[in-house]
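1. What follows is a predicted structure for the sequence shown.
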Amino acid sequence: MSGSVECDVLVIGGGQSGLAAGYFLRRSGLGFEILDAHDRPGGAWLDAWDSLRLFSPAQMSSLPGWPMPPSGDGYPTRDQVVDYLARYEQRYDLPVRRPVRVQAVEEAGDRLAVKTDRGTWMASAVIT
């Protein structure tokens, strides 16, 4: 990437909260992108133990607009959560760029400059 990318809102992190923010941003009509440091969908769940499970039932852990599918005992495994997050990202065609590591967020006049290992994004607002 050369130069800088312009958008209305930049979301840092493509995990559960970043995807939920993306869902509402998509509905708002604002131009936005989501930057995620991982090389694939799944957020922090990618770094979790294989044996980790959600501590709440699937129906209580859904992201906006699309229920998390129920699991056998009601408490999804790490891999089921990662799969749900990947499918959610695809379902809503969220503009996630990866892997992109954010290094700094700085004021740049009336905008924010988000410096990364892949260039600079300019945005009016940043969600972290």
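-> Ah, there it is. Numbering: from 1, shown residues only.

2. Looking at the most centrally placed residue in the chain now. What's its pLDDT?
-> Nearest to the mean C-alpha position of the chain, by CA atoms, centre = their mean, lies Gly14 at 1.8 Å. pLDDT, Gly14: 97.

3. isn't it right next to Pro41, touching?
-> Yes. Using CB atoms under 8 Å, Gly14 is in contact with Pro41, at 6.7 Å. All C-beta atoms are positioned from the backbone trio N, CA, C, and that covers glycine.

4. in stretch 14-24, what counts as buried?
-> Residues 14-16, 18-23 are the ones in stretch 14-24 that count as buried (16 or more other CB atoms under 10 Å).

5. who's in contact with it?
-> Contacts with stretch 14-24, where a contact means CB atoms under 8 Å, 6 or more residues apart in numbering, come from 11-12, 32, 34-36, 38, 41-45, 63-65, 85, 88-89, 92, 94-96, 98, 127.

6. and if you look at stretch 39-55?
-> For stretch 39-55, contacts defined as CB under 8 Å, 6+ apart pick out 13-16, 18-19, 36, 38, 61, 75-79, 81-82, 85-86, 89, 96, 98-99.
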